[in-house]
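Q: quick check, what structure comes out for this input:
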Amino acid sequence: MSANKHQAIRSALCWKKEIAELARLHNNANILAMPARFISYEEAQEIVEVFLYTKFEGGRHERRVNKIANI
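A: Now for the predicted structure:
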């Protein structure tokens, strides 16, 4: 619950592949949190793969990420 309180940490709770992808694309998330009680092992593997191989888009999202970093 407190991961995002630490410098340079952008943690995202992801329970679907699409959410993991958007967390990386739009928020440059660098920590993946998953709800173990609510997803299967196979779903978790797919989510991790998407999270690891999706790159940050930057552009219009970069301003927001930088604002958060400066808090």
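Q: mind giving me the packing neighbours of the least confident helix or strand in the chain by mean pLDDT?
A: When each helix and strand of the chain is scored by mean pLDDT, DSSP states H and E, helix 60-69 comes last, with a mean of 88. Other elements packing on helix 60-69 under the criterion 3 or more CB pairs under 8 Å, 6 or more residues apart in numbering; DSSP states H and E are helix 17-27. (Glycine included, C-beta is placed from N, CA and C.)
Q: what residues sit buried inside the helix it packs on?
A: Going by neighbour count (16 or more other CB atoms under 10 Å), the buried part of helix 17-27 is 17, 19-24, 26-27.
Q: ok, of these, which one's closest to K5?
A: K5 lies nearest to N27 out of the buried residues of helix 17-27, by CB to CB, at 16.1 Å.
Q: for the helix ranked longest in the chain, what is the average pLDDT?
A: If you go by DSSP state H, the chain has its longest helix at helix 41-53. What helix 41-53 shows for mean pLDDT is 98.
Q: which residues touch it?
A: With CB atoms under 8 Å, 6 or more residues apart in numbering as the test, helix 41-53 has contacts from 14-17, 20-21, 23-24, 29, 32, 34, 36, 39.
Q: for the helix or strand encompassing A12, packing partners?
A: Assigned by DSSP states H and E, A12 belongs to strand 11-13. In terms of contacts (3+ CB pairs under 8 Å, 6+ apart), strand 11-13 is packed against helix 17-27, strand 31-33.
Q: hey, C-alpha coordinates of the first one in CSV?
A: Going back to what we said before, that points to helix 17-27. Extracted C-alpha coordinates of helix 17-27, given in CSV (Å, rounded to 0.1, in the frame of the first residue of the first chain):
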residue,chain,number,x,y,z
LYS,A,17,-3.4,-7.6,-19.3
GLU,A,18,-5.1,-4.4,-20.6
ILE,A,19,-4.6,-2.6,-17.3
ALA,A,20,-0.9,-3.7,-17.2
GLU,A,21,-0.4,-2.4,-20.7
LEU,A,22,-2.0,1.0,-19.9
ALA,A,23,-0.1,1.3,-16.7
ARG,A,24,3.2,1.0,-18.7
LEU,A,25,2.1,3.0,-21.7
HIS,A,26,0.5,6.0,-19.9
ASN,A,27,1.9,6.0,-16.4
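Q: perfect, that will be all.
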